[in-house]
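Colleague: generate a structure from the sequence data that follows.
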Amino acid sequence: MKKALFIYNPNAGKELLKPKLSDILDIIVKAGYEVVVYPTQSYKDAYRKVVSFTEKYDRVICSGGDGTLDEVVTGMMERTEKVPIGYIPTGTTNDFANSLHIPKDLLQAADTAVSGAEFGCDIGKFNDDVFVYIAAFGLFTDVSYQTKQEMKNILGHLAYLLEGMTRLFDIPSYKIKVSHDGEEFEDEFIFGMVTNSRSVGGFRNMIGKNVIFDDGEFEVTLIKTPKNPIALQEIIASLLISQIDTKYMYSFRTKEIHFESVEEIPWTLDGEFGGEHDEVNIYNCQRGLTIVVPAKSVKDLSLEGRKKKEK
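Modeller: Residues are numbered from 1 along each chain as shown. Model prediction:
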């Protein structure tokens, strides 16, 4: 019999998992797995569990928000033998799950986690750390980890927006030197993100619709410091309609990028605090991790699928 480790965050989202837990375990068992269940006890517990297990598992299935997934992936990237990851999203935004077409319905997501297709997905290296789909600094990026879980549960996306709006009139600006692909430039920025996702903060296609998840490249968006409130409004409007306004932002794809600043800048990795850094190296580990997705979605997500579609 195959063996699965099921790690779940009992406090994620609106505690949606609890009433469905028995049915989810039934789905996993019916798929031919013996299940070991582990509810996380504290912050970073999922990471510790994945790094330290010694049993042989055929699949690690995790349930929680983007932070829980980030912990499991970070732990898996440190293991010599990597195990395919199934994901049942129960968080507030679930950006990465939405991008990979993992069902919102928990029982359908559980079925995908055990019977879907194994997909080799790009993963980001951030100095000595790891991120799944976004590394970001600046405007609003601290909202997700500073907003209390109860607030997220009650208000959903609105919690992020309300919390962020209170700081619109006191926007920090950072002078940063950026290097990638033999090119170097320096500018003042209020926001930057390095992503492998079609959804950010619940907004779909904010960084373009043609994101491929195994092409070895990240999408980079860097927003220059606006000179007045009208410019800031134009920036936000262009992001929401997925248009890059080169007056205010840089946008490009790259495998590797380097950031250097005089002061230490706080970063967020997959919605969790990623530390303060004056130097950051980000590198794309192409197909660094195997994640289970709906079989019909692989063509849409992959470089191979895109090539076939273009033919």
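
Colleague: pull the distance from the top strand by length along the chain to the chain's centre.
Modeller: Ordering each strand of the chain by length in residues (DSSP state E) puts strand 272-293 first. Put simply, strand 272-293 sits 9 Å off its chain's centre (CA atoms, centre = their mean, to the nearest Å).

Colleague: packing partners of that strand?
Modeller: Where contact means 3 or more CB pairs under 8 Å, 6 or more residues apart in numbering; DSSP states H and E, strand 272-293 is packed against helix 66-77, strand 85-89, helix 106-115, strand 117-126, strand 129-131, strand 134-138, helix 143-146, strand 256-269. The C-beta positions use only the backbone N, C-alpha and C, and glycine is treated the same way.

Colleague: any idea of the mean pLDDT in stretch 271-278?
Modeller: Mean pLDDT, computed over stretch 271-278, is 90.

Colleague: can you pull up the bridge partners for His137?
Modeller: Rather than His, residue 137 is Phe. Counting by DSSP bridges, Phe137 is bridged to Gly192, Trp267.

Colleague: check the gap between it and Pro172 for me.
Modeller: 9 Å (CB to CB, to the nearest Å).

Colleague: name the residue in those two with the higher neighbour count.
Modeller: Neighbour count, other CB atoms under 10 Å: between Phe137 and Pro172, Phe137 has more, with 26 against 15.

Colleague: for that one, list the residues it contacts.
Modeller: Residues in contact with Phe137 (CB atoms under 8 Å, 6 or more residues apart in numbering) are Tyr174, Phe189, Phe191, Gly192, Met193, Ile265, Pro266, Trp267, Thr268.

Colleague: let me know the closest of those residues to Ile7.
Modeller: Thr268 (22.2 Å; CB to CB).

Colleague: check what pLDDT the closest one gets.
Modeller: On the pLDDT scale, Thr268 gets 89.

Colleague: Val35 versus that one, what's the distance?
Modeller: Distance from Thr268 to Val35, by CB to CB: 33 Å.

Colleague: likewise Met76?
Modeller: Counting by CB to CB, the gap from Met76 to Val35 is 18 Å.

Colleague: tell me which of these two has more neighbours.
Modeller: The neighbour count for Met76 versus Val35, taken as other CB under 10 Å, is higher for Met76 (24 against 18).

Colleague: residue contacts, the more buried one?
Modeller: Val50, Val60, Lys82, Val83, Ile85, Leu289.

Colleague: output the contacting helices and strands for the helix or strand where Glu219 lies.
Modeller: Glu219 is part of strand 218-224, with elements assigned from DSSP states H and E. Contact here means 3+ CB pairs under 8 Å, 6+ apart; on that basis strand 218-224 packs against strand 183-195, strand 249-254.

Colleague: so, low pLDDT: which residues of the stretch 1-150 of the chain?
Modeller: 140-150 (pLDDT under 70).

Colleague: relative to Val51, how far out is the residue nearest to Ala117 when sequence neighbours are not counted?
Modeller: Once flanking residues are discounted, Ala117 sits nearest to Ala295: 4.2 Å by CB to CB, 6 or more residues apart in numbering. Look at Ala295 and Val51: by CB to CB, they are 30 Å apart.

Colleague: what does Asp95 give?
Modeller: Applying CB to CB to Asp95 and Val51 gives a distance of 24 Å.

Colleague: one more: His277?
Modeller: 23 Å.

Colleague: okay, these two: which has more neighbours?
Modeller: Each of His277 and Val51 has its neighbours counted (other CB under 10 Å); His277 has more, 18 against 15.

Colleague: does that one have beta-bridge partners, and which?
Modeller: Residues in beta-bridge contact with His277 (DSSP bridges): Ile265.

Colleague: that one against Glu263, yeah?
Modeller: No. With contact taken as CB atoms under 8 Å, His277 and Glu263 are classed as non-touching, separated by 10.0 Å.

Colleague: which residues does the closest residue to Leu269 other than its chain neighbours contact?
Modeller: Leaving out its chain neighbours, the residue that sits closest to Leu269 by CB to CB, 6+ apart is Phe131, at 4.1 Å. Phe131 makes contact with Asp70, Ile123, Gly124, Leu269, Asp270, Gly274 under the criterion CB under 8 Å, 6+ apart.

Colleague: give the buried residues for the longest strand of the chain.
Modeller: Along strand 272-293, these residues count as buried under the neighbour rule (16 or more other CB atoms under 10 Å): 272, 274, 277, 280, 282-284, 287-289, 291-293.
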